[in-house]
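Chemist: Model the following, please.
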Amino acid sequence: EYVRALFADAGIRPGQWGLPVAWNKDEQWEADLAQLPQLAAVGRELGCTRTATWCPSGSNDRDFEENFAWHVARFTPIAQALADEGCRLGIEVLGPQTIRARFKYAFVYTLGGMMELAEAIGTGNVGLLLDAWHLYTSGDPLDVLDTITAQDIVTVHVNDAPEGLSMDQYIDNDRRLPMETGVIDLGGFVNKLAALNYDGPVTPEPFSARVNAIEDSTEAAQLVAEHMDKLWAAGGLT
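Modeler: Numbering: from 1, shown residues only. So this is what the prediction gives:
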């Protein structure tokens, strides 16, 4: 109740929480899983039933089929614990070629591939952490969003890309504020979300040296807010 009051007094709705399970660490994930039901119950009580994580786009140890089965086995008990508390899990693919190139074996890096993994998990509460940057750098067109429903999207990240780079040059931690360069069609992206009647959080995640250089946190937040306002306008939501 105290935490609910903090959000209410600030006029803020909680959007999502990071999955508190180190699912990719064999020595830790089961202990984390044991704590998950209690934490998921807190999320439900706060009215925040969306959690998310990411999935590597390759492996040096497992080929695609073995890795697919491994991820299904690892994510299924996590997803079931969340489902038991009315929570949903969004999984993010990593699109850039520079990430995939690090691995011996390729793995899921597209929207369609992640939807196949979510279906294989089979708990009915697994979908996408849909990131505009990863969608773009994966090579997927915006029209791929026409193949899913709003229920398939758990949460959304938005950011723009640097100018003048080819697809094999994008580095994951070098992005731009939404609408800063226009490289990614974010207006079209948001318009697609609106057409789907997506009703969840949309979070800027620019990995921006420009923002990080601003010492005053309010000034930094204002700059990001201005770019988000441009995004809403471009998507026809103002």
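
Chemist: need the contact list for the residue nearest the centre of the chain.
Modeler: For the chain, Leu129 is the residue whose C-alpha lies nearest the centre (CA atoms, centre = their mean; 2.9 Å). The contact partners of Leu129, by CB atoms under 8 Å, 6 or more residues apart in numbering, come to Ala52, Thr53, Trp54, Gly90, Ile91, Glu92, Val154, Thr155, Val156, His157. All C-beta spots, glycine's among them, are computed from the backbone N, C-alpha and C.

Chemist: For Val93, what are phi and psi?
Modeler: phi -90, psi 160 (degrees, to the nearest 10).

Chemist: hmm, back to that, next, give me the two most distant ones among the contacts of Leu129.
Modeler: Thr53 and Val156 (14.8 Å; CB to CB).

Chemist: which one of these two has more residues nearby?
Modeler: Val156 (23 against 18; other CB atoms under 10 Å).

Chemist: Make sure that one is indeed in a helix.
Modeler: No: according to DSSP: H, G, I helix; E, B strand; the rest coil, Val156 belongs to no helix; its state is strand.

Chemist: Give the residue spans of the protein that score low on pLDDT.
Modeler: By pLDDT under 70, the chain contains no weakly predicted segment.

Chemist: just to revisit the earlier point, walk me through which strands whatever helix or strand the residue nearest to the centre of the chain lives in pairs with, and which way each runs.
Modeler: Assigned by DSSP states H and E, Leu129 belongs to strand 126-131. Taking DSSP bridges as the criterion, strand 126-131 sits next to strand 88-93 (parallel), strand 153-158 (parallel) in its sheet.

Chemist: After that strand, which helix or strand is next?
Modeler: Immediately after strand 126-131, counting by DSSP H and E, sits helix 132-138.

Chemist: neighbouring contacts of that following helix?
Modeler: The contact list for helix 132-138 (CB under 8 Å, 6+ apart) reads 92-97, 109-111, 142, 144, 156-161, 167, 170, 175, 183-184, 186, 189, 205.
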